[in-house]
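Colleague: Give me a model of this one.
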Amino acid sequence: MSSAEKQTADAMLASASLLALVPQENIYPDEIEEKWDVSNGPAICYERGDSTPNYTLNGTLHSSRVTIIVTCWAKSRSLANAVALKVSEAMAAVQNEQVSQGSGYEPDLEEYAAIVAFDVWELD
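Modeller: Residues are numbered from 1 along each chain as shown. Okay, the predicted model is just below:
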């Protein structure tokens, strides 16, 4: 099985309704490129939050539950929330459960964030 990050990217890139809101070039792993500007439309940044290994009784690593954090940035709270909803739908379509949701605001740049987190399984 592929990494949790790859599973997340693949799920988002397979969602036509998400890509209708966020161009593929505005979906970033780990951090958003400095060239992105909120006036060019929303952006998504996804990253590994933490990992919990699962071992068999004999001590062999079987799998890991990885928390993936997806931050959706936009020029308005409603647009950021709409993007986060589409991310949640894309992840649910591949059986990844949303475990939390939050929000943020960057006053210097006047950007809003909707933050969603998912449990994604990696099999070893």
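
Colleague: CA atoms for contacts and neighbours, from now on please.
Modeller: Fine.

Colleague: what are the ranges of the helices in this structure?
Modeller: In the chain, the helices defined using DSSP state H lie at 4-13, 16-21, 77-93.

Colleague: what angle separates the last one from helix 4-13?
Modeller: Using axes from the mean of the first three to the mean of the last three CA atoms, to 10 degrees, the inter-axis angle of helix 77-93 relative to helix 4-13 is 110 degrees.

Colleague: What is helix 77-93 packed up against?
Modeller: Helix 77-93 is packed against helix 4-13, helix 16-21, strand 61-74, strand 97-106, strand 111-123, with contacts defined by 3 or more CA pairs under 8 Å, 6 or more residues apart in numbering; DSSP states H and E.

Colleague: Could you rerun that using 6 Å?
Modeller: Counting by 3 or more CA pairs under 6 Å, 6 or more residues apart in numbering; DSSP states H and E, the packing neighbours recorded for helix 77-93 are helix 4-13, strand 61-74, strand 111-123.

Colleague: The first one too?
Modeller: The contact analysis (3+ CA pairs under 6 Å, 6+ apart) places helix 4-13 against helix 77-93.

Colleague: returning to what we had before: quick one, which of the helices and strands packed on helix 77-93 is nearest to Glu31?
Modeller: Put simply, out of those the one that sits nearest Glu31 is strand 61-74, at 9.7 Å, with distance taken as CA to CA.

Colleague: Now that closest one: average pLDDT?
Modeller: In this model, strand 61-74 carries a mean pLDDT of 94.

Colleague: Show me which residues of that strand are buried.
Modeller: 63-74 (16 or more other CA atoms under 10 Å).

Colleague: shouldn't Gly104 be in contact with Ala113?
Modeller: Yes. Shown here, Gly104 and Ala113 form a contact pair, counting by CA atoms under 6 Å, at 4.7 Å.

Colleague: I am finished for the moment; much appreciated.
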